[in-house]
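Undergrad: got a predicted structure here, sequence first:
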Amino acid sequence: MRRKKGSGRKIELTKMKLFLLCLVVFIMFVGIGRSIGEKLTSKATNAEEKLAENDLEKKEKEKETKNNSGKTEEVREDKAVKKEKHNEEKQETKKDTEVAEKDVEAKEVKEEKPIDQEKNSSNDNKKVAYLTFDDGPSVVVTPQVLDILDNCNVKATFFVIGSLAEQNSDLIKREYNSGHAVGNHTYSHNYKYIYSSVNNLLSDIDKCENVLKGILGNDFHSAAFRFPGGSFGQKKQPFKDVLKNKGIGYVDWNALNGDAEGHNIPKDRLVQRLVQTTQGKNKVVILMHDAGAKKTTAQALPEIINYFKKQGYEFKTIDQEAINGF
Ligand SMILES: [Zn+2]
């Protein structure tokens, strides 16, 4: 029985130990489990955080890219707008140049039109040359022309554009004080404007006349008027009638050096053209230009003056006789 009792206790003790062991093991497991759980959770959180971070980064990157692309687009648009503007400006400049060139071309064509035949050459054998310079004054060519005329002691007539006279009043004074005649060639020289109505032409002539009076004094009267492009053709008839009624004398030309027939025409060709167009004429009104682009006109002038001198011509400025004669 004792044995039984002793072994029973032992068994109980062993059970107890086993229970305790199990308990310890259980607690340990729970602990380990917890820590693993925590670790796993933290890992998961970390992973999530990372994911979230990545996501954020991604989103930020996307934003940046969007912004950048937006900026790029803006820049592109800006560039495109600028380009368009530039192109528009270019086109406008081109248009302006084209218009200006067409204007010049139109002028050249008009000024190239047939020269009126001399009316009274058969009655008068006296040879007279009227040198005329249109479309000035210009800063470079006009002083060169004036120097040459001074050196050769020859007087000429300048049909000046009012707007250019305003800008170069000293040259107008020099022309006038050197004994040359100053004529009216409208204020604007704008064909579209002056030939769109008789009133426009008259007001443009008046405007030019007032500029010249402002420079040369109120007593000044221009020697004559010259139609831009000449008075040739039926279209100009109403304008001519009005000028006649108003007592405004105008004069065309019956010879030319051809300096309006192109750009920078070599001086030899200008002399040739002059010789050709003055053949057989005792009274010649010669169309030339002292506009800024007509540099070869000044170059050809000494030779032209020499030619007339050799042919026995006397040089005169445009006067009533010249107006009546042409
Ligand atoms: Zn002109």
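TA: Now that the structure is in, tell me what you want to look at.
Undergrad: the ion contacts on this structure?
TA: Within the chain, the positions adjacent to the ion are 134, 135, 228 by Cβ under 5 Å from the ion. Quick note: C-beta positions are derived from backbone N, CA and C, even for glycine.
Undergrad: report the secondary structure state of the closest residue in space to residue 137 that isn't next to it in sequence.
TA: Nearest non-adjacent residue to residue 137, counting by Cβ to Cβ, 6 or more residues apart in numbering: residue 171, 3.8 Å away. Residue 171 falls in the helix class when you classify it by DSSP: H, G, I helix; E, B strand; the rest coil.
Undergrad: can you check which strand is longest in the protein?
TA: Counting by DSSP state E, the longest strand found in the chain is strand 128-136.
Undergrad: where along the chain do the strands fall?
TA: Ranges of strands in the chain, per DSSP E, are 128-136, 157-160, 181-184, 255-256, 283-289, 314-315.
Undergrad: the residue nearest to residue 137 contacts residue 143, doesn't it?
TA: Yes - between residue 171 and residue 143 there is a contact under Cβ atoms under 8 Å: 6.9 Å.
Undergrad: that older thread, return the list of helices and strands in contact with the longest strand of the chain.
TA: In terms of contacts (3 or more Cβ pairs under 8 Å, 6 or more residues apart in numbering; DSSP states H and E), strand 128-136 is packed against helix 141-152, strand 157-160, strand 283-289, helix 295-310, strand 314-315.
Undergrad: now the angle between helix 295-310 and it, please.
TA: Orientation check (axes from the mean of the first three to the mean of the last three Cα atoms, to 10 degrees): strand 128-136 against helix 295-310 gives 170 degrees.
Undergrad: what lines up beside strand 128-136 in the sheet?
TA: strand 157-160 (parallel), strand 283-289 (parallel), strand 314-315 (parallel) (DSSP bridges).
Undergrad: can you say which of these is packed in most?
TA: Comparing these by mean neighbour count (mean count of other Cβ atoms under 10 Å), strand 157-160 ranks first with a mean of 29.
Undergrad: closest one of the residues of the chain next to the ion to residue 302?
TA: Nearest to residue 302, judged by Cβ to Cβ, of the residues of the chain next to the ion is residue 134 at 19.7 Å.
Undergrad: wait, that closest one sits on residue 294?
TA: No - using Cβ under 8 Å, residue 134 makes no contact with residue 294, being 9.5 Å away.
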